[in-house]
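Have a look; sequence and predicted model below, questions after that.
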Amino acid sequence: MIMGTVNRNEIRRALDRMERGITRSVIRWKYKKDGRPLPPDDALEGQSKQVIDQAHKIIARRGRSVWSEFKSVYAKQKNKKEDDG
């Protein structure tokens with residue numbers, strides 16, 4: 001069981017690194033596209049963390065609303081079947 005936890009933690013850390021790397025790349029691309037000079041690496045890291053945090057919040061908020069809709073539809077279908085049966 002401990003081995004599974006270690007592997008999950010390693011996978012999570014690897015995914016976090018990839019997420020930050022992709023985000024930094026997109027930010028760099030946007031700066032170059034806009035013809036602006038690149039900020040220092042520590043500023044890029046800070047911006048990437050902000051973007052990632054915002055994305056996680058949006059996903060969590062929309063995920064909850066999607067889940068709520070799913071439960072609502074399921075409850076309606078369940079009630080309909082009970083009324084028909």
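That came through fine.

Which strand or helix spans the spatially most central residue of the chain?
By C-alpha atoms, centre = their mean, the chain has its centre lying nearest to residue 56, at 4.1 Å. For residue 56, the host element (DSSP states H and E) is helix 41-84.

Against which helices or strands is that helix packed?
Applying 3 or more C-beta pairs under 8 Å, 6 or more residues apart in numbering; DSSP states H and E, one finds that helix 41-84 makes contact with helix 2-33. Every residue, glycine included, has its C-beta placed from N, CA and C.

what's the average pLDDT for the helix it packs on?
When pLDDT is averaged over helix 2-33, the result is 88.

now for it, which elements pack on it?
Using 3+ C-beta pairs under 8 Å, 6+ apart: helix 2-33 touches helix 41-84.

Now the helix it packs on: average pLDDT?
83.

Next, residue 39: secondary structure please.
State at residue 39, reduced to three classes by DSSP: H, G, I helix; E, B strand; the rest coil: coil.
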